[in-house]
Structure formats: structure tokens, C-alpha cells
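A.B. asks: structure for this input, please:
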Amino acid sequence: MKTPRFAFPLFLTGSAMLSAGPIFVRVADVGVLQSAFWRLALAVPLLYALARVMERDAPLLPPRGSVPWLFLAGFFFAADLAAWHLGIVRTELANAALLGNAAAFLFPIWGYLVARRWPTPVAALALALAAVGIGMLMGDSASVSGEHLFGDLLCFVAAVFYTGYLVVMGRARGGLSAMATLAPVTLAGAICLLPVALIAPGNVWPQDWTPVILLALGSQVVGQGLIIYALPHLTPLASGVGLLIQPVFAALLGYLWFEEILSVTDFAGIAILFVAILLVRRPSAAQPPVEKRVPPGGGAVTPPGEAPSA
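C.D. replies: Below you'll find the predicted structure:
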């Protein structure tokens, strides 16, 4: 089946929506782990309703064979959110943005390991430019210090868990639509985070529901919904580099919302990241197909060099 025309723009839109998440985490009047729980819990009924509206004939419960994968994906996502939210308050925001988006490089590396082929020159150039761009964007403010080493480690662990989430979601879908997959995964993640939210320091019940509702709508329903819809139609390289739109929009939001100053180096880094994003969509970024290899995720994520399918 032909790849949807707007798969990559929708992926970028979903990724950009995630960039506003840290703002709502900051202003929410609950603990950081509690905000992660509410992000998922409040999104569950909306995702199930959307799945029902978009597919009236779809079964309410997922196929039995998909349940373990759906729960595993939910666990990975809950672990990602927990580590990320804990890391944000234990390190500098620049370090959190840089290390938290390491999945942008880990996911393509996984794809190349599955394909057992080296990236093409164009793909390697795109990854190199992405690394240079993110380094320039975060280089002025990111720093290495023993004071926030634990926070840095938590943010990197979050990226590892998010990479695992993206990989497992390929197997978890099992022919289900994006919303029909994301709804039970979000429910599983909320179940995993509930006991943590109850025992962790911080308020559990918000006095002002607006930040957590916006976090659930923007980051989970719209952001993750668009990402999971587009993910099967993109190579790991395109998906990984597409995730880097998050620090770009985070920097722009900081400039517009918090009046943070962007230097010439920051703007140059943003420009280089956009060049990398354009490069991954070139046909020459994919290798000519040879032997077809199906990834462990059940084929929903296409390794580099193979034609993506719907």
C-alpha cells in the first residue's frame, strides 16, 4: 500500500506538539511524577472515544495476541515519562533537551542494526548534520557537571525507554489503527504510573486542572497520536531525525513565552536541523532494497533501505 502523502509532516507536527509538554509540567501544581500520571490518565477516555469514532466497527478490546505487547509498550512509555520528569528537575533544561532526545539517534541505529547495512552517504550526512545542529542549539547552555550527573543519566535513560517504546509499538499495533493502539497503551502506562504517583513526593490532586488537561491533550492525544499514526510509514532514520523538531520548537517557545535569548549559534543550529530533516526525505537517503528483513517489531517500522508501506 502506498505511503500516505502527509505521513512525515504529521509526524513532525506530533513531535512539535510534544515540545510544549515541559512548559505544562513546570506550571502544574502537582509533582513531576503525578503530572506524568495525569497526562496518561486524562488522555485514556479521549483516546478510546476517538478510536470508536474513527472506527465504529473496530473491537473494543484488542486481539489477545497484542495484549502483552501493548502492556510492554505502556510500561516503556511510563518508564520514559518517569525518568524524563525526574531528570528535568535534576539537571539543566538544555541538558534535559539534549539527552532526552537521544532517541533521535538511538532509533535509527536500531534500524540499521536490524537491516545489517551501513547507512547511505546521504543518510550518514543527515545524521551528522542532526548531531551538529543539536549540538549548536544546546551547546551554549548545556554543560557537564557532577552536580547534575544523575539528572543527565535519568534523561538519557528516558531516551532509551522511548526508543524501546517506538520499537515495541510496531509489534503492539498488529493491524490496529493508531488510536486503537495508543488507547490501551496509554491505559497500561497510567496503571504503571498510578502507584508511583501515589507514593512519590508532591501533590497528587491538582487545584488547577488546566495545565494537566493541556498536557494530556497536546502531548498524549495529539502529539503521540500523530506520531503513532505516521510511524509505520517512515524509516527509523526519518522518524529519529523528525524527533529533533522537539528541541527546535522548545527553543522557539522559550524565546516567545519566556523571552529567552536565541544567539546566532542557536539560529544556525536550527537551520542545520531543518537541512537534516529535508535530507532524510530524499530517496537517496534510503538504500536500494536487497534482502528483505522483518524487524522484531513485526514489520510496522521499516528498516532503512526498504520501501515503507501503510
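
A.B. asks: how about the strands of the stretch 101-250 of the chain, start to end?
C.D. replies: In the stretch 101-250 of the chain, no strands are found when defined by DSSP state E, counting those that start in this stretch.

A.B. asks: quick check: which ranges of it have low pLDDT?
C.D. replies: 115-118, 138-148, 174-175 (pLDDT under 70).

A.B. asks: ok, now with 90
C.D. replies: Low-confidence segments of the stretch 101-250 of the chain (pLDDT under 90): 101-156, 159, 162-163, 166-181, 201-202, 227-250.

A.B. asks: where along it do the helices fall?
C.D. replies: Using DSSP state H, counting those that start in this stretch, the helices found in the stretch 101-250 of the chain span residues 103-115, 121-139, 149-173, 178-199, 210-215, 225-230, 236-242, 245-257.

A.B. asks: among the ones you listed, which comes closest to residue 28?
C.D. replies: helix 210-215 (4.1 Å; C-beta to C-beta). C-beta: built from backbone N, CA, C; applies to glycine.

A.B. asks: could I get the buried residue list for the closest one?
C.D. replies: For helix 210-215, the buried set under the neighbour-count rule, 16 or more other C-beta atoms under 10 Å, comprises 211-215.

A.B. asks: how about those residues in TSV, adding distance to residue 197?
C.D. replies: Below are the buried residues of helix 210-215 laid out as TSV (distance: C-beta to C-beta, whole Å):
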residue	distance to residue 197
211	15
212	12
213	16
214	18
215	14
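
A.B. asks: so of the helices of the stretch 101-250 of the chain, which one's packed in deepest?
C.D. replies: Burial of those is given as mean neighbour count (mean count of other C-beta atoms under 10 Å); helix 236-242 ranks first at a mean of 28.

A.B. asks: packing partners of it?
C.D. replies: helix 7-18, helix 103-115, helix 121-139, helix 264-279 (3 or more C-beta pairs under 8 Å, 6 or more residues apart in numbering; DSSP states H and E).

A.B. asks: OK, contacts around the closest residue to residue 159 other than its chain neighbours?
C.D. replies: Spatial nearest neighbour of residue 159, chain neighbours left out: residue 102 (3.7 Å); criterion: C-beta to C-beta, 6 or more residues apart in numbering. Taking C-beta atoms under 8 Å, 6 or more residues apart in numbering, we find residue 102 in contact with 156, 159-160.

A.B. asks: if we can go back for a sec, switch the helices of the stretch 101-250 of the chain over to a markdown table; also include distance to residue 87.
C.D. replies: Formatted as a markdown table, the helices of the stretch 101-250 of the chain follow (distance: least, C-beta to C-beta, whole Å):
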| stretch | distance to residue 87 |
| --- | --- |
| helix 103-115 | 14 |
| helix 121-139 | 15 |
| helix 149-173 | 3 |
| helix 178-199 | 15 |
| helix 210-215 | 17 |
| helix 225-230 | 21 |
| helix 236-242 | 20 |
| helix 245-257 | 15 |
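
A.B. asks: nearest to residue 84, out of those?
C.D. replies: Using C-beta to C-beta, the nearest of the helices of the stretch 101-250 of the chain to residue 84 is helix 149-173, at 3.8 Å.

A.B. asks: quick one, the closest one and helix 103-115 angle?
C.D. replies: Interaxial angle, helix 149-173 versus helix 103-115 (axes from the mean of the first three to the mean of the last three C-alpha atoms, to 10 degrees): 50 degrees.

A.B. asks: name the helices or strands packed onto helix 149-173?
C.D. replies: helix 67-88, helix 93-100, helix 103-115, helix 178-199.

A.B. asks: residue 45: which of these is closest?
C.D. replies: Here helix 178-199 is closest among those (C-beta to C-beta), at 8.9 Å.

A.B. asks: how far off centre is that closest one?
C.D. replies: 16 Å (C-alpha atoms, centre = their mean, to the nearest Å).

A.B. asks: packing partners of it?
C.D. replies: So helix 178-199, by 3+ C-beta pairs under 8 Å, 6+ apart, packs with helix 32-54, helix 67-88, helix 149-173, helix 225-230.

A.B. asks: ok, which of the helices of the stretch 101-250 of the chain comes nearest residue 273?
C.D. replies: helix 121-139 (3.7 Å).

A.B. asks: next, the angle from that closest one to helix 264-279.
C.D. replies: Using the same axes, to 10 degrees: helix 121-139 against helix 264-279 is 150 degrees.

A.B. asks: pLDDT wise, what is the spatially closest residue to residue 180 that is not a sequence neighbour at?
C.D. replies: Closest residue to residue 180 apart from its sequence neighbours, by C-beta to C-beta, 6+ apart: residue 51 at 4.4 Å. If you check residue 51, the pLDDT there is 85.
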